[in-house]
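Engineer: Give me the fold of what follows.
(2 chains)
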Amino acid sequence: MSLNVFLQHCLTGISLGGAYALIAIGYTMVYGILRLINFAHGEIFMIAGYFMIFATANFGWAVGIPVTLIATVVLGVVVERLAYKPLREAPRMSIMISAIGVSYLLQNLTTYLFTALPKPYPEIPILKQIYNIGGLSASLVTFITPILTIILVFILVYIINHTKIGMAMRAVSKDFETSRLMGIKINKVISTTFVIGSALAAVGSILYFTDRMSVTPFSGTLPGLKCFVAAVIGGIGSVPGAVVGGFIIGICETMMIALGYSTFSDAFTFVLLIIMLLFRPTGIFGEKTIDKV
Amino acid sequence: MKKRILALGVSAVLAVSMLAGCGGSGGSGSSAVAGGSSAAAGGSDVIKVGVFEPQTGENGGGGLQEVDGIRYANKQKSTVKIGDKEYKIELVEVDNKSDKTEAVTAAQKLVSEKVIGVIGSYGSGVSIAAGEYFKDAKIPAIGCSCTNPQVTEGNDYYFRVCFLDPFQGTVMANYAKKVGCTKAAVLTQKGDDYSVGLGTFFKNAFKNFGEIVADEQFETGAQDFKAVLTNIKSKNPDVIFAPSSIATAPLIIKQARELGITAKIMAGDTWENGEIIKNAGEHAEGICLSTFFDEDGVDEAGKAFITGFKAYLKENGKDEVIPAVSALGYDAYNTLIAAIEKAGSTDPSKVQEALKGVSVKGVTGDISFDDNGDAKKDMAFIKTVENGKFKFLETQKVQ
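Structural biologist: Numbering: from 1, shown residues only, chains lettered A, B, ... in the order given. Below you'll find the predicted structure:
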């Protein structure tokens, strides 16, 4: 493998990892607060793609991006209100099954509304400009994705550690019941979590699809699954963990293909998950939980 | 109490969306209901024809186009005369969801509906999976665009109206040679009978006069091809042969061009679909593919089909470009009806007997079957994309 090819692979891997990281944060935050694996997150990511298509067709991309962000956030919060909130007191298993239900509902609803034929994703001219550096060739979005991911994560970590709502979120994730007794408005905290998660999914969606250019109702399934793995590997519940996990999955996947094992690239991702669960179930950044008797 | 009302509301919304889903998946839903009631009243005046197609899943788009052709054919010819009795033909549509497991369930549903024959499916994998069930139930099935040899091999009840992958693979390899390619890369979808099969036949044919420099695979549902394509680029091939689904094709094309790959990109029949041009935009220029049908290469009856079907597409709010798979669906339906007429019976096994000797003038060429149940077709249409449209290049024959 020549240096050029190697660098091209690195670039691809890091860029893919960045998009994965943004989605993985959504999984990890919801899990941290609600102890719920939000299986519908991949579908929200996919629908954000459709929002962008229609928003751009109507208003152009400059207005389309904020419209997409807002619409995705609304969708995320609505899903939470309709499918998860009524089950707040129910066993954790019920709410997880509800999440799986929502995932299939969204997938089939989009198939019904937009058919399973791929829809072209709008081109954002600035992001699509192709740059050649040495022998590397990639569009701007490939370079921007990891940088934007890191910036957003710093903002998010700041919110969690230094604001009032962030403090509330940390409290809720430590102890749901006690924080409620302390006067924290649980529903507001949960809604905020979904707002942040969905907004990041929308940003991830714009970056991911701008690079890949077409959306189908099944576009969210595989990325969703992989980002869930990323969140687990990083230590589910931890934001920096999800980011590191996202980059690990993205880079590993690309490198497997680069080495000529394209057949096994996905298998490798899931083998990585199994190994992680066997030897360090809490993930890289996960905290050891001590059961109180 | 409040919670209960909310739950009721949610379930009402779900119920409505489910109903809506049913209405969408079966454009002929209303006609099926009408058929059902007349069957109850008139006894055996209705015969059922199964439509075994993916309407959702990764091949849902292409499957639906095939269904369009079948629905249109049914609209044109909705009755069949057996003896002196006029029978109404009712389509029973099932969705195999592009999934081999779902395909079996869908096939069993058709068997239990007691259909006289089955049309479909788009996608070879699902057809192979369901073949055994049709054979056991002694129901003849006619594949429209499933090109893998295994569909009809060893199955007397599976027929098909299109050419096969060994033929198609050879045609594309010959064409690649003709335009001066000596180094080829092959990119196929792991676990997909169509993609892997066609890729293998291309490789076998191309090896005779050229070199296969890369052979890569990708996962179903994959969206990121940059890594595989970077590998391919480093091998510097003249042509990339990448048979794949409509959903995957634009991703491969765009990402290849973005990486600065200038090699020709070729594929099989699935790529003849306007959605690919729409999705890949200018990058689609110059891709080559083989297909079953060309609008300019038809006779009088074919022209009537083209005008009629275009009007039908317009009525249903779709693009007025005729996909080859719709034409094949149309032909498969008419072949089945011809066989039913010839058999003069509503017994599926008699229809299977009749299919062996049937000869029909279809819009995709004359259709008669060989011992395997494959249509005797020896011509493929090579097309390319020019100025955002498919352009017919030449026909290819292989002995």
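
Engineer: Quick one: find the helix or strand in chain B with the lowest mean pLDDT.
Structural biologist: Across the helices and strands of chain B, mean confidence by mean pLDDT, DSSP states H and E is lowest for helix B:29-42: a mean of 40.

Engineer: need the next SSE after that one, C-terminal direction.
Structural biologist: Downstream of helix B:29-42, the first helix or strand assigned by DSSP states H and E is strand B:46-53.

Engineer: Next, the buried residues of the next helix or strand after that next one.
Structural biologist: Next along the chain after strand B:46-53, taking DSSP H and E as the criterion, comes helix B:60-76. Neighbour counts over helix B:60-76 (16 or more other Cβ atoms under 10 Å in any protein chain shown) mark B:60-74 as buried. C-beta: built from backbone N, CA, C; applies to glycine.

Engineer: do helix B:60-76 and chain A meet at all?
Structural biologist: Yes: applying Cβ under 8 Å from any Cβ of the partner chain, one finds helix B:60-76 touching chain A at B:60, B:61, B:62, B:64.

Engineer: try stretch B:85-97
Structural biologist: No: on the criterion Cβ under 8 Å from any Cβ, stretch B:85-97 is out of touch with chain A, staying 9.8 Å away.

Engineer: Give me the residue ranges of the chain where confidence is low.
Structural biologist: Reading this off chain A. Regions of chain A meeting the criterion pLDDT under 70 cover residues A:1, A:287-293.

Engineer: ah, no, chain B please
Structural biologist: Short version for chain B, where the test is pLDDT under 70: B:1-44, B:399.

Engineer: change it to 80
Structural biologist: B:1-44, B:57-58, B:296-299, B:397-399 (pLDDT under 80).

Engineer: Could you chop it up by domain?
Structural biologist: Domain assignment for chain B, taken from automatic domain parsing, gives B:44-163+B:302-368, B:165-291+B:380-397.

Engineer: Rebuild the ones you listed as TSV, extending it with distance to residue A:256.
Structural biologist: What follows is the domains of chain B, written out as TSV (distance: least, Cβ to Cβ, whole Å):
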stretch	distance to residue A:256
domain B:44-163+B:302-368	22
domain B:165-291+B:380-397	8
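
Engineer: quick one: which of those domains is nearest residue A:13?
Structural biologist: Checking those against residue A:13 by Cβ to Cβ gives domain B:165-291+B:380-397 as the closest, at 7.4 Å.

Engineer: got a list of contacts for stretch B:99-108?
Structural biologist: Residues outside stretch B:99-108 that contact it (Cβ atoms under 8 Å, 6 or more residues apart in numbering or on different chains): B:52, B:54, B:57, B:94-97, B:118, B:121, B:125-127, B:129-130, B:133-134.

Engineer: Report the two of those separated the most.
Structural biologist: B:57 and B:134 (20.2 Å).

Engineer: And the strands in the stretch 151-293 of chain A, which stretches?
Structural biologist: Using DSSP state E, counting those that start in this stretch, the strands of the stretch 151-293 of chain A run over A:214-215.

Engineer: mind listing the helices for it?
Structural biologist: Secondary structure of the stretch 151-293 of chain A (DSSP state H, counting those that start in this stretch): helices at A:164-174, A:176-181, A:186-212, A:221-234, A:239-258, A:265-279.

Engineer: Identify whichever of those lies nearest to residue B:348.
Structural biologist: helix A:221-234 (37.6 Å).

Engineer: anything in the closest one near chain B?
Structural biologist: Yes: interface with chain B: helix A:221-234 contributes A:221, A:222, A:223 (Cβ under 8 Å from any Cβ).

Engineer: Ranking by neighbours, what's the top pick from these?
Structural biologist: For the residues of helix A:221-234 next to chain B, counting by other Cβ atoms under 10 Å in any protein chain shown, the largest number of neighbours falls to residue A:223: 26 neighbours.

Engineer: quick one: residue B:90 is in a helix?
Structural biologist: No: per DSSP: H, G, I helix; E, B strand; the rest coil, residue B:90 lies outside any helix segment and is strand.
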